[in-house]
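> give me coordinates for this.
(one chain, ligands or ions: 1)
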Amino acid sequence: MNWLTNFIPPKLKALVARKEAPENLWLKCPACEQMLFHRDLDANQQVCNHCGHHLRVRPLQRLPHLFDGGKYEVHTVPKPIVDPLKFRDQKRYIDRLKEAQSQAGPGGDGIVVASGQMEGQPAVVAIFDFGFMGGSMGMAVGEGVVTAARIAVQKKAPLILFSASGGARMQEGILSLMQMPRTTIAVREVKEAGLPYIVVLTDPTTGGVTASLAMLGDIHIAEPGSLIGFSGQRVTQAAIRETPPPDFQRAEFQYKHGMVDLVVHRHELRKTLARITAILMKRPAAEAA
Ligand SMILES: [Zn+2]
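Numbering: from 1, shown residues only. As a prediction, this is how the structure comes out:
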């Protein structure tokens, strides 16, 4: 403490502090450690323009790039009972939910359901939000998948799932685990209607989501570098008592071992999805595609 800190009134100090460069303008790429300007990153769909690393995106950032002319309709997902177990760890579950909702926007809970046209092909998408409590699959997420599946059947459109999840939402206990069979049945309804179900595995897809709906696609696409697996590397290492290879459980590793059909750059996703749905729906592909 010197005479200056004692002397300068707090308001004046705040004014001085504000002149510093705001930290949120820049982000360090987790792969190449280059500094990335947020605006450039937004324009590049959150792909590092130095090394091509795919950073995680939230559903609302992804949606405009998926549909023609950035036009799509977001569907409301019916609300399940909130916090039926009155769960509490260090914090109350209901408070955690409120906190996550204040960041995700009103009504959001781990998944966004939307529909629109991809290169002229109608499609329904359900996008997991990893930013919302680790994309954990609780009742609301299950409800989202069921809603998306029903809309797909109604519209006679393919269902495309973008997975990103740490697994079950432990704060909902058994009710969370029940979403595994529930979403599996929803997906089956789409298949029984003769419609394609395509999964885009994004970083990270693990746990109960891998063990259910994320591995049931007719086609599995993965974004480059995504972590795709059931248990994490440490658990697997302890179980098999061997050191896994460095690219273990990454998209490219899963592609090499037949778990994934295609690894597709984020910029190419819309075209690839449109081409695949056109083939599977036996529709003529858009001329431009
Ligand atoms: Zn990078």
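> ok, now which ones touch residue 131?
The contact partners of residue 131, by Cβ atoms under 8 Å, 6 or more residues apart in numbering, come to 56, 58, 103, 104. Where C-beta positions appear, they are placed from N, C-alpha and C, glycine not excepted.
> what's the neighbour count on residue 268?
Using other Cβ atoms under 10 Å, the number of residues around residue 268 comes to 12.
> look up how far residue 150 lies from it.
Residue 268 sits 29 Å away from residue 150, taking Cβ to Cβ, to the nearest Å as the criterion.
> what residue in the stretch 151-289 of the chain comes nearest to the ion?
Among the residues of the stretch 151-289 of the chain, residue 225 lies nearest to the ion; the distance is 10.4 Å by Cβ to the ion.
> number of nearby residues for that residue?
Neighbour tally, residue 225, other Cβ under 10 Å: 19.
> domain assignment for this structure?
Structural domains assigned to the chain are 22-55, 56-280, following automatic domain parsing.
> out of those, which one sits most buried?
Comparing the domains of the chain on average neighbours per residue, with mean count of other Cβ atoms under 10 Å, the densest one is domain 56-280 at a mean of 19.
> for that one, how far is the first residue from the last?
Using Cα to Cα, to the nearest Å, the end-to-end distance of domain 56-280 comes to 29 Å.
> what's the answer for stretch 40-55, then?
13 Å.
> with stretch 243-253 instead?
Counting by Cα to Cα, you get 15 Å between the two ends of stretch 243-253.
> near the ion, from the contacts of residue 131?
Residues of these in contact with the ion (Cβ under 5 Å from the ion): none.
> pLDDT for those - can I get that in TSV?
Formatted as TSV, those follow (pLDDT from 0 to 100):
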residue	pLDDT
56	96
58	94
103	87
104	84
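> now those residues in JSON lines, with secondary structure?
Formatted as JSON lines, those follow (DSSP: H, G, I helix; E, B strand; the rest coil):
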{"residue": "56", "secondary structure": "coil"}
{"residue": "58", "secondary structure": "coil"}
{"residue": "103", "secondary structure": "helix"}
{"residue": "104", "secondary structure": "helix"}
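> perfect, that will be all.
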